[in-house]
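Asks: build the 3D model from these lines:
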Amino acid sequence: MSEDLAEDMLLEFLNAVETGVAAARQRYREKKGLCDSDEACWQPNRIKWEQTQGKSGPYERSVDTDSLDYKALLNDLVAHQGKLTRDGYFYWLFQNGSTIGRKKRN
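Replies: Numbering: from 1, shown residues only. The predicted structure follows:
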């Protein structure tokens, strides 16, 4: 086997290991509720949402101030000028600064 081939195979192996380690770290952070400063650290399914009707149709809203996920989402919304889209949902912050709305994107 040539040195170039052995080196290429070693690099391929190391790339695969690095990808696997990164995926395992991400799953661990998600499971523990940890996050990096550049990634969303909130889980919408852990926030209490209330169904309601607006002029543009049905949507959900939350004022679940006791939830850490709610607080993290609120911070994320503030960092994104009060609006963001994630996992097929559009989230927005109401003018009162504490109510969060969400609606499924089409």
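Asks: name the helix or strand of the protein that has the lowest mean pLDDT.
Replies: Sorting the helices and strands of the chain by mean pLDDT, DSSP states H and E puts helix 3-32 at the bottom, at a mean of 77.
Asks: what's the next secondary structure element after it?
Replies: strand 50-54 (DSSP states H and E).
Asks: strands paired with that following strand, and their directions?
Replies: Partners of strand 50-54 in the sheet, by DSSP bridges, are strand 57-62 (antiparallel).
Asks: buried ones in the helix or strand just after the partner strand, by neighbour count?
Replies: Using DSSP H and E, the helix or strand that follows strand 57-62 towards the C-terminus is helix 68-79. Within helix 68-79, the residues scored as buried using 16 or more other Cβ atoms under 10 Å are Asp69, Tyr70, Ala72, Leu73, Leu74, Asp76, Leu77. Bear in mind the C-beta positions are built from the backbone N, C-alpha and C, glycine included.
Asks: now the residues you listed as CSV including pLDDT and distance to Arg105?
Replies: Output for these, formatted as CSV (pLDDT from 0 to 100; distance: Cβ to Cβ, whole Å):
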residue, pLDDT, distance to Arg105
Asp69, 89, 20
Tyr70, 92, 21
Ala72, 88, 21
Leu73, 92, 16
Leu74, 91, 20
Asp76, 89, 17
Leu77, 93, 16
